[in-house]
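1. Pasted the sequence and its predicted model underneath.
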Amino acid sequence: MLTPTIFKANDIRGVVSGDAPEWDAAGARALGAAFVNVLGLTGGEFVLGRDMRTTGAELAAEFTDGATAQGATVIDIGLASTDQLWFASGAHDVPGVQLTASHNPAAYNGLKFCLAQAAPIEPAILVRIAEVAMGQELVPVAVPGERRRLDVLGDYAAHLHGLVNLSGMRRLKVVYDAGNGMAGHTAPAVLEPLNIELIGLFTELDGSFPNHPPNPLEPANLVDAQAAVREHDADLALVFDGDADRCFIVDERGDVVSPSLIAALIAQQELEREPGGTIVINTITSRAVDRVVAEAGGRLVVSKVGHTAVKALMAQHNAIFGGEHSAHYYFRDFWGADTGMLAALHVLSLLGRTGGTMSELVSGLPSFAASGELNSTVADVAAVLDRLASAFAGRGRANLDDGLTVEGDGWWVNARPSNTEPLLRLNVEAREQSLMESLRDEALAIIRGGADA
């Protein structure tokens, strides 16, 4: 079973358990066959990983059966973070598939795809995979492919260590919250060899997420790490999402550091290494990054929100680094792909080679008041965006490249439909807190005036 709703802008995600599943094991088998057919992988090979979700092993087995029946060899790396899958694709120069629903609730599962060298698939390819998978069942080829296992965790950790200057670091005390997700698998391999004292929270792999949902964008899911930093007098905390490709930072006071400021820090460091380099951000990354890049003499390119769009621009512009508001961080040295663990290493390196605190490290960066991402379920997205455009007409520069963005002097408002969930997302930023709150409240009143009850 496959329902059209699971095919999102950048990947596949849908409910696989409960009373109203959107796809199942038979659908996974059809998707495996379609992936091989559309990418022309008969006689070729690709890497497959999965996260710890309770349905992952079954769906991976069925996807593998569908793929091998079409003549592809599946290199199964087993339990893996999404950035570990990107590494395997890049290091072995083959396409890749990761079974994960990232930060979605436990009832969900999904698929992320890449071409060889962790390159993003074009939206048209995902559309074609959907068409083939939901069409007539493909006939198995005469010579089926094989499945072979490969452990890449050690090579992944070593590769990350080679991309960051980890010498001369003072000993840090670091909390990391795995959220029962894949950081419980990857963080020990990457972080334990460093000169740090590690305090792990919820490190057991458990796809039912018994402690908190695997979405660090929600403030409630950060409170455990914040409390642990204060309790242990730690230097910072690292909070990962379910598939561990994103990492949020909590400073020594227990305050959450904006992912945009982390992007600014890393961009600043990367531009010191390569003056004049290109940095990619998305539509709703803080303008603090714009200022830092300009002051460092770098070039800024703005992308639509979403890893596929950012990765494509990273490749197009040979960008050295990219950062999104949602704590996705992209590195040219990592095949232009996103990796929260490499971002964490950069932060640890920066902090460990200074005598200051995490809050001091970001205190010199430009400061803006931000609303954070505010989500609303709306019946008619186009109508709501039209109402917003009318309300803000003449007050700033309007742009429709990624939802609706209106930018004035020292402020901007963006409303855009989610790529992964049936939501309209609002982000507002301004130089002053009072202005941000006024713009936020005005936009929310318009959006939620038409929201479903």
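-> Everything's here; your move. Since the structure is predicted, the reported quantities are computational estimates derived from the model, not experimental observations.

2. Can you point out the buried residues in the helix or strand bottoming out on mean pLDDT in the chain?
-> Of the helices and strands making up the chain, the lowest-confidence element is helix 307-316, at a mean of 91, by mean pLDDT, DSSP states H and E. Neighbour counts using 16 or more other C-beta atoms under 10 Å place H307, T308, A309, V310, K311, A312, L313, M314, A315 of helix 307-316 among the buried residues. For the C-beta atoms, the positions are set from N, CA and C on the backbone; glycine is no exception.

3. In CSV: these, plus distance to E22.
-> Listed next are those as CSV, based on distance: C-beta to C-beta, whole Å:
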residue, distance to E22
H307, 21
T308, 21
A309, 24
V310, 26
K311, 26
A312, 27
L313, 31
M314, 31
A315, 32
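
4. So for this structure, the centremost residue is which one?
-> Nearest to the geometric centre of the chain sits H328, at 4.4 Å (C-alpha atoms, centre = their mean).

5. which ones are touching the closest residue to that one other than its chain neighbours?
-> Spatial nearest neighbour of H328, excluding adjacent residues (C-beta to C-beta, 6 or more residues apart in numbering): D338 at 4.5 Å. Applying C-beta atoms under 8 Å, 6 or more residues apart in numbering to D338 gives the contacts T82, D83, W86, D245, R246, H307, V310, K311, G322, H328, Y329, Y330.

6. Repeat that for A296.
-> Counting by C-beta under 8 Å, 6+ apart, A296 has contacts A267, Q268, L271, E272, P275.

7. do A118 as well
-> So A118 contacts W86, F87, S89, G90, G96, K311, F334, W335, G336, A337 (C-beta under 8 Å, 6+ apart).

8. Could you point out the helix or strand that follows the helix or strand hosting the first one?
-> Taking DSSP states H and E as the criterion, the element that holds W86 is helix 82-92. The element immediately downstream of helix 82-92 (helix or strand, assigned by DSSP H and E) is strand 96-99.

9. Give the buried subset of the contacts of A296 as a PyMOL selection command.
-> PyMOL command restricting the contacts of A296 to the buried ones, with burial defined by 16+ other C-beta under 10 Å:
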select buried, resi 267+268+271
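
10. Take the contacts of A296 and keep only those in helices.
-> A267, Q268, L271, E272 (DSSP state H).

11. wait, isn't the second one in contact with A294?
-> In other words, Q268. No: judged on C-beta atoms under 8 Å, Q268 makes no contact with A294 at a distance of 11.3 Å.

12. okay, and for this structure, where does confidence drop off?
-> For the chain, applying pLDDT under 70 flags the ranges 420, 450-453.

13. what about D290, distance to P210?
-> Using C-beta to C-beta, to the nearest Å, we find D290 at a distance of 41 Å from P210.

14. Who has more neighbours out of these two?
-> Neighbour count, other C-beta atoms under 10 Å: between D290 and P210, D290 has more, with 17 against 10.

15. Could you find the closest non-adjacent residue to that one?
-> L300 (5.9 Å).

16. What is the neighbour count of W86?
-> 30.

17. gap between it and G49?
-> 9 Å.

18. which residues are in contact with both of the two?
-> Common neighbours of W86 and G49 (C-beta under 8 Å, 6+ apart) are G96.

19. So which other helices or strands are in contact with the helix ranked longest in the chain?
-> Assignment by DSSP H gives helix 433-449 as the longest helix of the chain. Judged by 3 or more C-beta pairs under 8 Å, 6 or more residues apart in numbering; DSSP states H and E, the packing partners of helix 433-449 are strand 369-370, strand 374-376, helix 381-391, strand 411-417, strand 424-430.

20. and that helix, how far from the chain's centre?
-> Centroid separation between helix 433-449 and its chain, computed with C-alpha atoms, centre = their mean, to the nearest Å, is 27 Å.

21. which stretches of the chain form helices?
-> Counting by DSSP H, the helices of the chain are 25-39, 56-69, 82-92, 123-134, 153-161, 183-191, 223-232, 259-273, 287-295, 307-316, 340-352, 358-363, 381-391, 433-449.

22. list the buried ones in the last one?
-> When you say that, I think you mean helix 433-449. Neighbour count says helix 433-449 has L435, M436, L439, R440, A443, L444, I446, I447, R448 buried, by 16+ other C-beta under 10 Å.

23. show me the contacts for the nearest residue to the last one once chain neighbours are set aside.
-> Spatial nearest neighbour of R448, excluding adjacent residues (C-beta to C-beta, 6+ apart): S376 at 5.5 Å. By C-beta under 8 Å, 6+ apart, S376 lies in contact with L423, L424, L426, L444, I447, R448, A451.

24. For Y108, state which of the residues you listed is nearest.
-> L423 (14.3 Å; C-beta to C-beta).

25. wait, A312 sits on I121?
-> No: with contact defined as C-beta under 8 Å, A312 and I121 do not form a contacting pair (9.8 Å).

26. Show me how far stretch 312-332 is from its chain's centre.
-> Its chain's average C-alpha position is 11 Å from that of stretch 312-332, according to C-alpha atoms, centre = their mean.

27. Ends of that stretch, what's the gap?
-> With C-alpha to C-alpha, to the nearest Å as the measure, the ends of stretch 312-332 fall 12 Å from one another.

28. Mind listing what's buried along that stretch?
-> So for stretch 312-332, counting by 16+ other C-beta under 10 Å, buried means 312-315, 317, 319-332.

29. swap in stretch 245-264?
-> 245-252, 254, 256-264.

30. Quick check: the gap between M358 and V347.
-> Taken as C-beta to C-beta, the span from M358 to V347 is 8 Å.

31. go on, L217?
-> Note on L217: its distance to V347, by C-beta to C-beta, is 18 Å.

32. Can you pick out the residue with more neighbours from the two?
-> Between L217 and V347, counted using other C-beta under 10 Å, V347 has the larger neighbour count: 25 against 18.

33. Excluding residues flanking it in the chain, which one is nearest that one?
-> I249 (6.0 Å).

34. ok, now I447?
-> Closest to I447 by C-beta to C-beta, 6+ apart is S376, at 5.0 Å.

35. For stretch 270-284, C-alpha coordinates in PDB please.
-> What follows is stretch 270-284, C-alpha atoms only, in PDB (Å, rounded to 0.1, in the frame of the first residue of the first chain):
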ATOM      1  CA  GLU A 270      35.100  28.600   7.200                       C
ATOM      2  CA  LEU A 271      35.600  32.000   5.500                       C
ATOM      3  CA  GLU A 272      38.800  32.500   7.500                       C
ATOM      4  CA  ARG A 273      40.000  29.300   5.900                       C
ATOM      5  CA  GLU A 274      38.800  30.200   2.500                       C
ATOM      6  CA  PRO A 275      38.400  34.000   2.100                       C
ATOM      7  CA  GLY A 276      35.800  35.100  -0.400                       C
ATOM      8  CA  GLY A 277      34.100  31.700  -0.300                       C
ATOM      9  CA  THR A 278      30.300  31.100  -0.800                       C
ATOM     10  CA  ILE A 279      27.900  30.400   2.000                       C
ATOM     11  CA  VAL A 280      24.400  29.100   1.400                       C
ATOM     12  CA  ILE A 281      21.500  29.800   3.800                       C
ATOM     13  CA  ASN A 282      17.800  29.400   3.400                       C
ATOM     14  CA  THR A 283      15.000  31.900   3.200                       C
ATOM     15  CA  ILE A 284      14.400  32.100   7.000                       C
END
